[in-house]
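S.K.: quick one, structure for this:
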Amino acid sequence: MDDRSAALAFVGEMIARNVLAFGDYVLKSGRRSPYFFNLGLIADGEGLNVLGAAYAAEALQLPDVPDVFFGPAYKGIPIATATAVAMQRDHGRNTGAAFNRKEAKTHGEGGILVGAPMAGRKVAIVDDVVTDGTAKREAVESVTAAGGDVIGVVLALDRQEPVAPGPRTAVQVLERDFGIPVRCVANLDDVISYLDSHAAFQDHAGRLVRYRREIEGSQARMT
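M.R.: Okay, here's the model as predicted:
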């Protein structure tokens, strides 16, 4: 399966599992959106199997093969675990999984990091989406502080929306600021293409196209 086919298949899986839903939503940024992506709805073995396989395949497209997957709390934790399992199962690579706590543990082993050691190892950050990039920046800082070398970020969906100021998307800003590649299993182009190719979803495709034009036009007026 080529990258394009894999992306479209992933979109279909996410719609079937209600992870990708359509309606009227208010995003964290305050922007209204005709679609919403909630990877937290992947909550069973079958779904995690699909998710891990998709992330592992995408992680192998990074310039370097990761030694550890780091999942920022909370949604990144099952993603890192599922991806490490898929790397072993599908590609024969024994890869570590690590994550952070929201608050440092003050008893037992203590600390804020859990899982595979990252010092001196190549680390890929895995998470669901990126909005303003704050959580990913914190993840990069956590990995770096632990002695790890961040070699890239893998996300499920690139919304391809520009962020102020300027025309760059959140993914492009993240790549620019940290000088690391960001790979996404699917993007808004893939979502629109999938919807447009299925008669039952073509109305949603039209709404997403109009939404994209509106936000791009609004961003252009601000620059």
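
S.K.: which stretches of the chain have low pLDDT?
M.R.: The chain contains residues with pLDDT under 70 at 103-110, 132, 219-223.

S.K.: what residues of the lengthiest helix in it count as buried?
M.R.: Longest helix in the chain by number of residues, with DSSP state H as the criterion: helix 202-222. Using 16 or more other C-beta atoms under 10 Å as the test for burial, helix 202-222 gives 204-205, 207-208, 211-212, 215, 219. In short, each C-beta sits where N, CA and C put it, glycine included.

S.K.: buried stuff in the helix or strand containing residue 85?
M.R.: For residue 85, the host element (DSSP states H and E) is helix 76-91. Across helix 76-91, burial judged by 16+ other C-beta under 10 Å covers 76-87.

S.K.: next, the angle helix 76-91 makes with whichever helix or strand comes after that helix.
M.R.: Moving toward the C-terminus from helix 76-91, the next helix or strand (DSSP H and E) is strand 96-105. Per axes from the mean of the first three to the mean of the last three C-alpha atoms, to 10 degrees, the angle that strand 96-105 makes with helix 76-91 is 170 degrees.

S.K.: name every strand pairing with strand 96-105 and say which way it goes.
M.R.: strand 68-71 (parallel), strand 111-115 (antiparallel) (DSSP bridges).

S.K.: quick one: which of those is nearest residue 196?
M.R.: Each of the strands paired with strand 96-105 has some distance to residue 196 by C-beta to C-beta; the shortest is strand 68-71, at 32.6 Å.

S.K.: what residues does that closest one touch?
M.R.: Residues outside strand 68-71 that contact it (C-beta atoms under 8 Å, 6 or more residues apart in numbering) are 55, 59, 76-81, 83-84, 87, 95-100, 115-118, 121-127, 139, 142-143, 148.

S.K.: same thing but at 7 Å, please
M.R.: Here strand 68-71 makes contact (C-beta atoms under 7 Å, 6 or more residues apart in numbering) with 77, 79-80, 83-84, 95-99, 116, 118, 121, 123-127, 139, 143, 148.

S.K.: next: stretch 184-203.
M.R.: Contacts with stretch 184-203, where a contact means C-beta under 7 Å, 6+ apart, come from 7-8, 10-12, 20, 54-55, 58, 155-160, 171, 204-205, 208-209, 212.

S.K.: host element of the residue positioned nearest the centre of the chain?
M.R.: Geometric centre of the chain, nearest residue: residue 155, 1.9 Å, by C-alpha atoms, centre = their mean. In the assignment (DSSP H and E), residue 155 maps to strand 149-158.

S.K.: and that strand, how far out from the chain middle?
M.R.: Computed by C-alpha atoms, centre = their mean, to the nearest Å, the chain-centroid distance of strand 149-158 equals 7 Å.
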